[in-house]
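Could you look at this predicted model? Sequence included:
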Amino acid sequence: MNAVFVDPGSRRRRRLGRDDARSLWSGKPAVDPDSIQELFAAFGRVHVRNMFGGAGIYADGVMFGLIVDDMIYLKTDAHTAARFEREGCAPFTYDTKRGERALKSYWRMPDRLYDEPDELADWAKAALDAARRAAAPPRRRGAQGSRR
């Protein structure tokens, strides 16, 4: 993956390789939206929106990915988390006044997917499906339409 990095002090641009895109300088992802769209091209069209010092990755208006500290995290649920565990990935964590907390609904994307666009597309589809399941209204149990 090639990203464009702009040094805020000099305003000079330089191309970054996959390993270079691991550093932040101002709380914003080092990868620009065009680079993320290129990375996910085999999956389909994605949009990147800045948020809380990072960015969200969206498809069809649903957020399925998160970029924080130059790491991409994908949405998980009970159906997909084991896949990330098998890859040795970890959930997104953040620091609070009371210590580190984990957000287990987003797990770090395996580094190998940066070089495997078709497999990344499969993982992105699974993440989008997990995000849609999480957003779906809960199903009601019992008889439908009956009221007393």
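On my side now, so go ahead. Numbering: from 1, shown residues only.

Quick check: buried residues in the top strand by length along the chain?
Of all segments of type strand in the chain, defined using DSSP state E, the longest is strand 99-108. Neighbour-count burial for strand 99-108, counted by 16 or more other Cβ atoms under 10 Å, picks out 105, 106, 107, 108. Every C-beta, even on glycine, is put in place using the N, C-alpha and C of the backbone.

For those residues, give me CSV that also has distance to residue 41 and pLDDT.
Shown next, in CSV, are the buried residues of strand 99-108 (distance: Cβ to Cβ, whole Å; pLDDT from 0 to 100):
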residue, distance to residue 41, pLDDT
105, 25, 93
106, 22, 96
107, 22, 96
108, 21, 96
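
Among these, find me the one that's closest to residue 84.
Nearest to residue 84, judged by Cβ to Cβ, of the buried residues of strand 99-108 is residue 107 at 3.9 Å.

Leaving out chain neighbours, which residue sits closest to the closest one?
Once flanking residues are discounted, residue 107 sits nearest to residue 84: 3.9 Å by Cβ to Cβ, 6 or more residues apart in numbering.

got the contact list for that neighbour?
74, 76, 107, 108, 110 (Cβ atoms under 8 Å, 6 or more residues apart in numbering).

Those: which two are farthest apart?
76 and 110 (12.5 Å).

tell me the contacts of residue 60?
residue 128 are the contacts of residue 60 under Cβ under 8 Å, 6+ apart.

Nothing else from me, thank you.
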